[in-house]
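Enquirer: need a 3D model of the following:
(chains A and B)
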Amino acid sequence: AQSVTQPDIHITVSEGASLELRCNYSYGATPYLFWYVQSPGQGLQLLLKYFSGDTLVQGIKGFEAEFKRSQSSFNLRKPSVHWSDAAEYFCAVGARSGNTPLVFGKGTRLSVIA
Amino acid sequence: EPEVTQTPSHQVTQMGQEVILHCVPISNHLYFYWYRQILGQKVEFLVSFYNNEISEKSEIFDDQFSVERPDGSNFTLKIRSTKLEDSAMYFCASTRDRGKETQYFGPGTRLLVL
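Expert: Numbers count the residues shown, from 1 in each chain, chains lettered A, B, ... in the order given. Predicted structure coming up:
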């Protein structure tokens, strides 16, 4: 069965520090991979996605993620965190066939301190 | 930028009551979804809808749940007789087409069953 693991429930980083949020997946084949962000009271906003090609993908707000097939991982990174990045981050996978539902991880809550 | 909207943002109801959650997908989108997130747990798929019928549903989507597209813009989720365990955040999502399409999410409706 497909599953997504985000091992870190809560991460706190200082403003300006670098960030890496971990995501590991279990899937029958190479899936489509997504990172969504949810700010308080807001919906799920797409940060970036990987379908094929270059395994390092760039997203909005200065985020990037790298797909590593050998490690079944799709970790999200940002070189310098801003206070406005404080939010909940969700990794998700989807099948390459058809329009299938997404499978989400439990999310990682990011806190940013001065 | 077009977005998915959901109403109400919050709903409190008594156990056993019927609730209807409303969604307006992005206007040129054809595939619609409902997901839910119980507090502290993963975002879970409920149901997908295309061409006025259910495409896929999860084991969560039992006979107490139904979906409808009553007109050209709205997409509703009805829970006939709510249970305490239905308390969750409910997200609506839509995509334009099949395949490599991003699912765009609404801000969610927080349902509390007392």
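Enquirer: pLDDT weak spots in chain B?
Expert: B:98-100 (pLDDT under 70).
Enquirer: for it, which segments count as strands?
Expert: B:5-7, B:10-13, B:19-24, B:31-37, B:43-50, B:53-57, B:65-68, B:75-79, B:88-95, B:104-105, B:109-113 (DSSP state E).
Enquirer: could you dump those to a markdown table with mean neighbour count?
Expert: Just so you know, the C-beta spots here come from the backbone N, C-alpha and C atoms, and that holds for glycine as well. Converted to a markdown table, those look like this (neighbours: other Cβ atoms under 10 Å in any protein chain shown):
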| stretch | mean neighbour count |
| --- | --- |
| strand B:5-7 | 16 |
| strand B:10-13 | 14 |
| strand B:19-24 | 19 |
| strand B:31-37 | 25 |
| strand B:43-50 | 21 |
| strand B:53-57 | 14 |
| strand B:65-68 | 17 |
| strand B:75-79 | 19 |
| strand B:88-95 | 24 |
| strand B:104-105 | 24 |
| strand B:109-113 | 19 |
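Enquirer: interface residues of chain B facing chain A?
Expert: B:3-4, B:6, B:9, B:31, B:33, B:35, B:41-45, B:48, B:50, B:55-56, B:58, B:91, B:93, B:95, B:97-108 (Cβ under 8 Å from any Cβ of the partner chain).
Enquirer: please repeat the previous calculation with a cut-off of 7 Å.
Expert: Chain B comes close to chain A at residues B:4, B:31, B:33, B:41-43, B:45, B:48, B:56, B:91, B:95, B:98, B:100-103, B:105-108, as judged by Cβ under 7 Å from any Cβ of the partner chain.
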